[in-house]
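Student: No sequence on hand, only this structure:
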């Protein structure tokens, strides 16, 4: 079975891909991350995923949109709910792409991070699935997070230090005080 896997970065995809393949599903990575800033961070993650996908023989689809201005406009007046917007825009795009391109289901690498709002991701993905008439493949990949990170280091992959949005990058430094 083919599954469209919304992919935020190569390190987070490693264990997600392995788990799905072990279950007989073949993921096609879907890159749509207008939340990742600044531009060089976006570019580094995209290039690393491109190289990794080639390395493991995984198909990769780009809905390439560096979205600094639309993202900031969408979240500027309600920063506390920025994650909800971020998940919604990306998972809706994944569900829509899946439905429009013959995939019966989709999932996301966001489900591997212990730093993400897992229940919110799950709820939003279910809503997107219903809206677009595709199945959401839910897996709690979090137990595999450390293994995937270690594999990424061993492979020499670029590893980011924050989820992607400029506000999370700021929090990374503010909380180090």
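Tutor: Cool, got the structure. Predicted model only: the values in this text are computed from it and were never measured.

Student: Pull up the gap between residue 147 and residue 166, please.
Tutor: In this view, residue 147 and residue 166 are 29 Å apart by C-beta to C-beta, to the nearest Å. In short, each C-beta sits where N, CA and C put it, glycine included.

Student: ugh, wrong one, residue 124
Tutor: 21 Å.

Student: Which one of these two is surrounded by more residues?
Tutor: Neighbours per residue (other C-beta atoms under 10 Å) separate residue 124 from residue 166, with residue 124 holding more: 25 against 18.

Student: Remind me which helix or strand the more buried one belongs to.
Tutor: According to DSSP states H and E, residue 124 maps onto helix 118-132.

Student: For the helix-or-strand element of the chain with minimal mean pLDDT, buried residues please.
Tutor: Every helix and strand in the chain was compared by mean pLDDT, DSSP states H and E; the lowest is helix 166-174, with a mean of 74. By neighbour count with 16 or more other C-beta atoms under 10 Å, helix 166-174 contains the buried residues 166-169.

Student: before we move on, what about stretch 92-104?
Tutor: Result for stretch 92-104 [16+ other C-beta under 10 Å]: buried residues 92-99, 103.

Student: Can you name the residues in contact with it?
Tutor: Outside stretch 92-104, the residues within contact range by C-beta atoms under 8 Å, 6 or more residues apart in numbering are 1-4, 6, 28, 30, 32, 61, 63, 105-106, 108, 125, 128-129, 131-136.

Student: Please report phi then psi for the closest residue in space to residue 62 that isn't next to it in sequence.
Tutor: Once flanking residues are discounted, residue 62 sits nearest to residue 31: 4.9 Å by C-beta to C-beta, 6 or more residues apart in numbering. Backbone torsions for residue 31, taken as degrees, to the nearest 10, come to phi -100, psi 110.

Student: Next one: residue 31 from residue 22, what distance?
Tutor: Distance, residue 31 to residue 22, by C-beta to C-beta: 23 Å.

Student: For those two, indicate the residue with more neighbours.
Tutor: residue 31 (21 against 8).

Student: wait, that one sits on residue 58?
Tutor: No - in this structure residue 31 lies outside contact range of residue 58 using C-beta atoms under 8 Å: 11.5 Å.
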